[in-house]
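[1] Pasting a predicted model and its sequence here:
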Amino acid sequence: MAIAVAVTNSSLFTTAAQKPPTVPGTYITISKKKLLQNLEINSGAKINSWVDSMRASSPTHLKSTPSLSDDQPSWTQQHPSALDMFEQITNASNGKQIVMFLDYDGTLSPIVEDPDRAFMSDAMRATVRKLARYFPTAIVSGRCRDKVYSFVRLAELYYAGSHGMDIKGPSKGSKYKKGSEAVRFQPDTATEFLPMIDKVYEALLEKTKSTAGAKVENNKFCVSVHFRCVDEKKWVELAQQVKSVLKDYPKLRLTQGRKVLEIRPTIKWDKGKALEFLLESLGYANRKDVFPVYIGDDRTDEDAFKVLRERRQGFGILVSKSPKETSAAYSLQEPSEVMDFLQRLVEWKMSSLRR
Ligand SMILES: O=P(O)(O)OC[C@H]1O[C@H](O[C@H]2O[C@H](CO)[C@@H](O)[C@H](O)[C@H]2O)[C@H](O)[C@@H](O)[C@@H]1O
């Protein structure tokens, strides 16, 4: 699947911080094709299209990279490093409240084979702790909220687990905590799905147990089927197993992350909605003086990047070593660069407070 990139004179980059370095007269827009594609679960969908999509989620498969012709700016010109653009970013945030949204896997912790061992380094934890002293900070993850909390272990943060379907505010220690009660939210439409999610989790465990390396993870409001450790020759078999379970659950949809199939309710809720909910909870819903920054590495993070573009506020930063179609304005290559960026934000804020 080659991704079309169109050149247009109308700008998608609406704030100073969202603008990429000037390429005279033109801005690049991504195609209007949906970034987060739901794989069709029902009978019409060909298993090959699932497997193609599974392949496309692997950076080693070049088909997933945007196709650019020679006269177009490179991907890194369109999505420059947030470290290189640090001064422009902080200038754009001037006089506004920065609010930080951080994805977990691949953003705060490096991608590893075993999802249960995706630990965050102590240095990253210390940096996020400092960050939360100066800016309201939320972790927004596809994982179950309790699980992501057990990795991050910072009570002063907001947490949105299960792709934003399970939100809880700081239990202590945050000056950004609203009122005496912690914010808690789960969309009603999502809670109705809990018994179904448990059933589908059990069914997927049973069905995929014959496929070596497959791992099924219960993320409370959604289920992940990991294929990172499955031999590529067995991907068709795994896709067929998952499809055979999901055909009985028309109210569930399938999306994709990094070497993972994600099964979730067909409700209009995603990381972008969670971002909007959190901004509202913090009292920034209709404020112009807010500057949200969302950092994430995955297709599911695109929903949040898009919300920021549509709100014309703040910007998204995609964590990726290779070019990918994205609505993020900037890029960082890996979690160590994320840590450097967060550390620089802390230092910048501390020095601006001393002035
Ligand atoms: O939204 P996120 O916090 O990025 O969560 C998305 C998925 O992350 C986890 O899987 C990913 O990271 C694993 C550990 O590095 C890796 O083994 C796997 O291949 C990645 O897809 C998590 O295990 C999933 O449940 C989340 O949906």
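    In hand now; what should we look at?

[2] got the CA positions of stretch 140-157 in CSV?
    This file holds the C-alpha atoms of stretch 140-157, laid out as CSV (Å, rounded to 0.1, in the frame of the first residue of the first chain):
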residue,chain,number,x,y,z
VAL,A,140,-2.6,7.6,27.1
SER,A,141,-2.2,3.9,26.3
GLY,A,142,-3.8,1.0,24.6
ARG,A,143,-2.9,-1.1,27.6
CYS,A,144,-5.2,-1.7,30.6
ARG,A,145,-4.9,1.3,32.9
ASP,A,146,-3.7,-0.7,35.9
LYS,A,147,-1.0,-2.4,33.8
VAL,A,148,0.3,0.9,32.4
TYR,A,149,0.2,2.3,36.0
SER,A,150,2.3,-0.6,37.3
PHE,A,151,5.0,0.3,34.7
VAL,A,152,5.0,4.1,35.2
ARG,A,153,4.3,4.2,39.0
LEU,A,154,3.7,7.9,39.2
ALA,A,155,0.6,8.8,41.2
GLU,A,156,0.7,12.5,40.1
LEU,A,157,-0.3,11.7,36.5
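
[3] and stretch 262-281, does that touch the ligand?
    Yes. Contact of stretch 262-281 with the ligand (Cβ under 6 Å from any ligand atom) involves residue 262. The way it works is simple: take the backbone N, C-alpha and C, and place the C-beta from them, glycine included.

[4] and the end-to-end length of that stretch?
    One end of stretch 262-281 sits 27 Å from the other (Cα to Cα, to the nearest Å).

[5] Return the residues of this protein in contact with the ligand.
    103-106, 111-113, 115, 118, 141-143, 217, 219, 224, 226, 228, 257-260, 262, 298, 300.

[6] Kindly give a single PyMOL line that selects the buried subset of those residues.
    Command for PyMOL that selects the buried part of these, burial taken from 16 or more other Cβ atoms under 10 Å:
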select buried, resi 103+104+105+106+111+115+118+141+142+143+217+219+224+226+228+257+258+259+260+262+298+300
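
[7] where do the strands sit along this protein?
    5-8, 27-30, 97-102, 137-140, 158-161, 166-168, 184-185, 215-218, 223-226, 252-257, 260-265, 290-296, 315-319, 330-332 (DSSP state E).

[8] dump the residue contacts of the residue lying closest to residue 54 once chain neighbours are set aside.
    Spatial nearest neighbour of residue 54, excluding adjacent residues (Cβ to Cβ, 6 or more residues apart in numbering): residue 235 at 5.4 Å. The contact partners of residue 235, by Cβ atoms under 8 Å, 6 or more residues apart in numbering, come to 51, 54, 55, 227.

[9] residue contacts, the last one?
    The one in question is residue 227. 54, 213, 214, 235, 238, 259, 260, 261.

[10] Leaving out the residues flanking it, which one is nearest to the spatially most central residue of the chain?
    Closest residue to the average C-alpha location of the chain: residue 301 at 2.5 Å, with Cα atoms, centre = their mean. Excluding its sequence neighbours, the residue lying closest to residue 301 (Cβ to Cβ, 6+ apart) is residue 103, at 5.3 Å.
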